[in-house]
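In: no FASTA, just this:
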């Protein structure tokens, strides 16, 4: 994935409605969901949903297919994997990364650093 | 990751210069880079870099610490860059932070 496509894709999901649609489609998996089901589950008017889905299609985040009279949308997992790979490529120069911290521990560490700084 | 935080992070990264800065820092790891070194490597003017670093810090994607004792830092202190920037460690590995934006991976 090139930088321009990554910026377009990130920009497209940096919106509360589109992030909600995207997360729901990611959870639904490759089989996707009909537009009507998305509209119902997200309590979004069909015209609003359709507007956001167009933006997401343009950004390559979702795919669209027709099943008789229904439009089925699915997350494009190739794009999603491409985004994650782009952002984390050669993470920590290939060395082992720091383990995830418990948020409470992290908060304590922040406090600790601040105290050391002011000392 | 909360939705609001995810949106801020995604929005912060949806800009080419910030994306470049973030990737450079991810590749560097928790050791981080001095602000001056980031400016040199990416060819970004100091004021522009400062602006973008603020946005990335606000999104909690990176953090800044002072390391005035290191030789490198002294050099950068002379040039007005006494700061070292690294991916945010409060969330642990920054890769995990990115993965947390994307569910089900």
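Out: Perfect, I can see it now. These numbers come from a predicted model, not from an experiment.
In: name the helix or strand of chain A that has the lowest mean pLDDT.
Out: Scoring the helices and strands of chain A by mean pLDDT, DSSP states H and E places helix A:103-118 at the bottom, with a mean of 39.
In: no, scratch that, I was asking about chain B
Out: Ranked by mean pLDDT, DSSP H and E, the weakest helix or strand in chain B is helix B:71-78, scoring a mean of 44.
In: now the helices: where do they sit in the chain?
Out: Reading this off chain A. Using DSSP state H, the helices of chain A run over A:3-13, A:16-28, A:35-41, A:46-58, A:77-88, A:103-118.
In: wrong chain, I was asking about chain B
Out: B:3-13, B:16-28, B:35-42, B:46-58, B:71-78, B:94-101.
In: in terms of mean pLDDT, which of those ranks lowest?
Out: Sorting those by mean pLDDT places helix B:71-78 lowest, at a mean of 44.
In: surely residue B:7 meets residue A:18?
Out: No. Assessed by Cβ atoms under 8 Å, residue B:7 is found out of contact with residue A:18, at 9.6 Å. The way it works is simple: take the backbone N, C-alpha and C, and place the C-beta from them, glycine included.
In: higher neighbour count, these two?
Out: Using other Cβ atoms under 10 Å in any protein chain shown, the more surrounded residue of residue B:7 and residue A:18 is residue A:18, with 22 against 19.
In: find the nearest non-adjacent residue to the more buried one, please.
Out: residue A:52 (5.0 Å; Cβ to Cβ, 6 or more residues apart in numbering or on different chains).
In: that neighbour and residue A:35, how far apart?
Out: Counting by Cβ to Cβ, to the nearest Å, the gap from residue A:52 to residue A:35 is 11 Å.
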